[in-house]
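Peer 1: predicted structure and sequence below. I'll ask about it afterward.
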Amino acid sequence: MRVIHAIVIVALVFAAAYVYRIMFDATVQAERVAKLRAEIRRERDSIAALRAEWAKLETPARVQALATRHLTLKRIEPYQFGGLERVPDKPLDFGAGGDDPIAAMIDGIDTEILTGSLPAPETGQE
């Protein structure tokens with residue numbers, strides 16, 4: 001009988017040690033999960049702060065002020081717009097120039113009209 005009691009006591013000690021080990025591992029994993037959740041929360045907060053800063057940086061008023069201060073842009077004047085009469089007509093015969101129809105098209109293009117820009121009006125001052 002004493003041998004059976006000793007075997008049962010040893011089995012209970014091993015079972016208690018195994019349960020304690022499982023409990024300790026679970027506690028370690030729970031602490032790790034808590035640290036990861038805190039880190040995720042910090043990262044989300046930093047992402048939200050960066051998004052807010054980006055929204056502030058890309059406001060149209062700020063971009064306009066920076067463009068005005070740092071770029072030398074000129075206003076678009078009304079005389080720079082042309083009408084449909086300035087658009088060149090489509091050439092009817094592409095192959096009239098010989099063996100190279102693309103070269104014939106390029107030679108036939110009026111470079112003055114090509115850009116779409118209109119020359120500045122004559123003011124008489126030079």
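Peer 2: Yep, it's here.
Peer 1: now do the helix or strand containing Ala17: distance to the chain's middle.
Peer 2: Here Ala17 sits within helix 2-57, counting by DSSP states H and E. Distance, stretch centre to chain centre, for helix 2-57: 37 Å (C-alpha atoms, centre = their mean, to the nearest Å).
Peer 1: output whichever helix or strand comes after it as PDB, restricted to C-alpha atoms.
Peer 2: Scanning the chain past helix 2-57 towards its C-terminal end, the next helix or strand to appear is helix 60-70 (assignment: DSSP H and E). The C-alpha trace of helix 60-70 is given here as PDB (Å, rounded to 0.1, in the frame of the first residue of the first chain):
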ATOM      1  CA  PRO A  60      -4.800  74.600 -50.100                       C
ATOM      2  CA  ALA A  61      -4.200  77.900 -48.300                       C
ATOM      3  CA  ARG A  62      -0.800  76.800 -47.100                       C
ATOM      4  CA  VAL A  63       0.200  75.400 -50.500                       C
ATOM      5  CA  GLN A  64      -1.000  78.600 -52.200                       C
ATOM      6  CA  ALA A  65       1.000  80.700 -49.700                       C
ATOM      7  CA  LEU A  66       4.200  78.600 -50.300                       C
ATOM      8  CA  ALA A  67       3.700  78.700 -54.100                       C
ATOM      9  CA  THR A  68       3.300  82.500 -54.000                       C
ATOM     10  CA  ARG A  69       6.400  82.900 -51.800                       C
ATOM     11  CA  HIS A  70       8.700  80.500 -53.500                       C
END
